[in-house]
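Student: Next come a sequence and a model predicted from it.
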Amino acid sequence: MSELTLSIIKPDAVAKGVIGEIVATFEKNGLKIAAMKMVHLSRREARGFYAVHRERPFFDSLTDFMSSGPAVVMVLSGAGAIGKNRELMGATNPAEAAAGTLRQRFATDIEKNAVHGSDAPETARTEIAYFFPELDIVNR
Ligand code: GDP
């Protein structure tokens, strides 16, 4: 059964000019784009998106980074899309990310780590709804 997940190409990766390579990686690995847009988050929107991390010491720095420039938000669909996207992304810290993963290829550091991906079905639902009304998600 097809599953949906939220992916973000973070401002560091957009600035590096690797949107195309990241999208190509998803498409080559069986994930389809079901919704997509460029956004430049306000600090308030970034803080809302990462609200679960508000007690973490890096919250201010992370949300400043996420609102520092344009990002691409996407809904990916496919069988096991949540897990497949996490596999393609690699570990949070690029120093620990497996060879060939998006974070190993494109991240700068543990914060500016190129991509975001939902980590579970419930967070996927909440995160998708944060950016996309139901009608903007195509049936693929
Ligand atoms: P993810 O699910 O792999 O994105 O990782 P988390 O949910 O643990 O963290 C969310 C985001 O916060 C990460 O993708 C990083 O951008 C950032 N982050 C995580 N850990 C750290 C850290 O130790 N320091 C800083 N500065 N940022 C971090």
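Tutor: Cool, the structure landed. Residues are numbered from 1 along each chain as shown.

Student: and Ser7, what is it in contact with?
Tutor: 26, 73-76, 85, 115-117 (C-beta atoms under 8 Å, 6 or more residues apart in numbering). Placement of C-beta: from N, CA and C, glycine included.

Student: Mind doing that once more with 6 Å?
Tutor: 74, 76, 85, 117 (C-beta atoms under 6 Å, 6 or more residues apart in numbering).

Student: likewise Met36?
Tutor: Contacts of Met36 (C-beta under 6 Å, 6+ apart): Met74.

Student: go with 8 Å
Tutor: 72-75.

Student: now swap in Lys84 and tell me
Tutor: For Lys84, the contact set (C-beta under 8 Å, 6+ apart) comprises 29-31, 78.

Student: Lys28 versus that one, what's the distance?
Tutor: Separation of Lys84 from Lys28 (C-beta to C-beta, to the nearest Å): 12 Å.

Student: Let's see which of the contacts of Met36 end up in strands.
Tutor: Residues of these located in strands (DSSP state E): 72-75.

Student: of those residues, closest to Gly17?
Tutor: Ranked by distance to Gly17 (C-beta to C-beta), the ones in strands among the contacts of Met36 are led by Val72 at 12.1 Å.

Student: tell me the contacts of the residue lying closest to the closest one once chain neighbours are set aside?
Tutor: Using C-beta to C-beta, 6 or more residues apart in numbering and skipping the chain neighbours, the partner closest in space to Val72 is Ile9 (4.0 Å). The neighbours of Ile9, taking C-beta under 8 Å, 6+ apart as the test, are 18-19, 22-23, 71-72, 74, 114-115.

Student: what do you get if the cut-off is 7 Å, keeping everything else the same?
Tutor: Ile9 makes contacts with 19, 22, 71-72, 115, as judged by C-beta atoms under 7 Å, 6 or more residues apart in numbering.

Student: CA atoms of the helix or strand hosting Lys37 as CSV?
Tutor: According to DSSP states H and E, Lys37 maps onto strand 32-39. This file holds the C-alpha atoms of strand 32-39, laid out as CSV (Å, rounded to 0.1, in the frame of the first residue of the first chain):
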residue,chain,number,x,y,z
LYS,A,32,6.9,9.8,-6.6
ILE,A,33,6.4,13.6,-6.0
ALA,A,34,2.7,14.0,-4.9
ALA,A,35,3.0,17.7,-4.1
MET,A,36,5.9,20.3,-4.3
LYS,A,37,6.5,24.0,-3.6
MET,A,38,9.2,26.5,-2.8
VAL,A,39,8.8,28.3,0.5
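
Student: Thanks a lot, catch you later.
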